[in-house]
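> Sequence and predicted structure, then a few things I'm wondering about:
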Amino acid sequence: MRILPVSSPEDPAIAEAAAILAAGHLVAFPTETVYGLGADGLNPEAVARIYAAKGRPATNPVILHVADAASAQPLVSHWTPQAQALAERFWPGPLTLVLPASALVPAIVRAGGPSVALRCPSHPVALALIRALGRPLAAPSANRSQHLSPTTAEHVASSLGEAVDLILDGGPTTAGLESTILDLSGQSPRILRPGPIPPAELGEILGPVEVWAGSVGTDETQAAPGMLARHYAPKARLELVAPGTGVRKAHGRMVYVALGALPRLPDGVFGLLLPLEAEVVAMRLYALLHELDDAGYEVIFMEQPPETEAWLAVRDRLRRASTQEHP
Ligand code: TXA
Ligand code: MG
């Protein structure tokens, strides 16, 4: 595995990465949300390598990344006015649209299902890579299945190791949490995974949007990744507590993550303060959990964020990361 720094869309590393992809191999790359593990999305053997590298169940479909709405259209059986309006407003950006797939989309990308998830990322390196490949880029988050998503090239390297051929290092990602997934393949639009684009912004185009809150087991075809109850999880045990709760005494190596104000903590408990700002916490969350894991903490207490819509995506990831049972 090699790591190549990329500073601009003109960097020669991008042509090299595209050649690796065109030959059916894997390249990890930065997006504005998290790092993706990319393969040629129209080559089933290449996509199979993604599943093998991640240890991902064959029942979990992958997103196809495209350079623009025009390249998305041949991948769906019916490009709707709604999809067009959403793409015009939010692409490139952290919105994934689920639509009925066309015959061009390999079964392995869809996990055998009838629909395909499409996203046009806004990161200049991701866009340049898709353009250089000239085909849709299949990419889940570049981590082993059920582990924390990577927001830096180092996170990718430590999670996937030799399973990835090349990592393009574009520095830390900015949004920090995975894209909002919107299902447009059913009767009415439904958010399958909350993300950086909140329901209210989608609502400006769609009217009221349902947020799906269910959870299914590993052996069914999943409507979205977050539908595994435990996901996005650190190695440490994560416990959510009411703001200001603090902890009474230290047991083992524990850390307390406060939002907005740090309560008094007993000796031996490491306190960490994050601002009460959803976008900042979203950007920092995975990197923080990676750091706390690397530092060997056994228990992470974290204050429950406010129940407002701005915190929806952060609350979703924290709820999954704090679920103890493995499905
Ligand atoms: O921000 C993101 O979306 C990142 C970056 C790399 O683009 N990607 C990402 O991929 O989070 P992944 O695979 O970790 O999560 C995407 C999820 C899949 O787990 C899958 O459950 C869901 O999208 N998905 C993919 N295709 C789908 C489909 N046809 N219908 C419903 N859900 C789908
Ligand atoms: Mg993922």
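Thanks, I have it. Ligands and ions are numbered 1, 2, ... in the order given.

> how about the helices in the protein?
With DSSP state H as the definition, the chain shows helices at residue ranges 12-22, 44-54, 69-72, 81-90, 107-110, 124-133, 153-160, 199-206, 278-294, 312-321.

> could you dump those to CSV with mean pLDDT?
Compiled in CSV, the helices of the chain are given as follows (pLDDT from 0 to 100):
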stretch, mean pLDDT
helix 12-22, 98
helix 44-54, 98
helix 69-72, 98
helix 81-90, 98
helix 107-110, 98
helix 124-133, 98
helix 153-160, 96
helix 199-206, 96
helix 278-294, 96
helix 312-321, 91
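
> can you redo those as a markdown table with distance to ligand 1?
For every residue, glycine as well, the C-beta is placed using N, CA and C. Formatted as a markdown table, the entries for the helices of the chain read as follows, by distance: least, CB to the nearest ligand atom, whole Å:
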| stretch | distance to ligand 1 |
| --- | --- |
| helix 12-22 | 14 |
| helix 44-54 | 9 |
| helix 69-72 | 13 |
| helix 81-90 | 13 |
| helix 107-110 | 6 |
| helix 124-133 | 8 |
| helix 153-160 | 11 |
| helix 199-206 | 15 |
| helix 278-294 | 11 |
| helix 312-321 | 11 |
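
> got those as TSV, with mean neighbour count columns?
TSV is the format used below for the helices of the chain (neighbours: other CB atoms under 10 Å):
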stretch	mean neighbour count
helix 12-22	19
helix 44-54	18
helix 69-72	18
helix 81-90	16
helix 107-110	19
helix 124-133	23
helix 153-160	21
helix 199-206	15
helix 278-294	20
helix 312-321	22
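
> could you redo the ones you listed as CSV and give each row distance to residue 140?
What follows is the helices of the chain, written out as CSV (distance: least, CB to CB, whole Å):
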stretch, distance to residue 140
helix 12-22, 15
helix 44-54, 6
helix 69-72, 18
helix 81-90, 20
helix 107-110, 11
helix 124-133, 14
helix 153-160, 11
helix 199-206, 22
helix 278-294, 15
helix 312-321, 16
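
> residues from the stretch 51-200 of the chain in reach of ligand 1?
Contact residues, the stretch 51-200 of the chain versus ligand 1 (CB under 6 Å from any ligand atom): 60-63, 94, 96, 98, 110, 113, 115-117, 119, 121, 139-141, 178-179, 181, 192.

> one more time with 8 Å
When proximity is defined by CB under 8 Å from any ligand atom, the stretch 51-200 of the chain lies next to ligand 1 at 56, 60-63, 65, 94, 96, 98, 101, 109-111, 113, 115-117, 119, 121, 126, 139-143, 149, 175, 177-179, 181, 183, 185, 192-193, 195.

> Alpha carbons only: can I get stretch 266-283 in PDB?
As requested, C-alpha coordinates have been extracted for stretch 266-283 and formatted as PDB (Å, rounded to 0.1, in the frame of the first residue of the first chain):
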ATOM      1  CA  PRO A 266     -12.800  13.500  39.700                       C
ATOM      2  CA  ASP A 267      -9.000  13.000  39.500                       C
ATOM      3  CA  GLY A 268      -8.100  10.400  37.000                       C
ATOM      4  CA  VAL A 269     -10.900  11.200  34.600                       C
ATOM      5  CA  PHE A 270      -9.700  13.000  31.500                       C
ATOM      6  CA  GLY A 271     -12.100  15.800  30.400                       C
ATOM      7  CA  LEU A 272     -12.500  17.000  26.800                       C
ATOM      8  CA  LEU A 273     -14.500  20.000  25.800                       C
ATOM      9  CA  LEU A 274     -16.200  20.400  22.400                       C
ATOM     10  CA  PRO A 275     -18.200  23.400  21.400                       C
ATOM     11  CA  LEU A 276     -22.000  23.200  21.400                       C
ATOM     12  CA  GLU A 277     -22.000  23.500  17.600                       C
ATOM     13  CA  ALA A 278     -23.300  20.700  15.500                       C
ATOM     14  CA  GLU A 279     -21.100  21.300  12.500                       C
ATOM     15  CA  VAL A 280     -17.900  21.400  14.500                       C
ATOM     16  CA  VAL A 281     -18.800  18.200  16.400                       C
ATOM     17  CA  ALA A 282     -19.700  16.500  13.100                       C
ATOM     18  CA  MET A 283     -16.400  17.500  11.600                       C
END
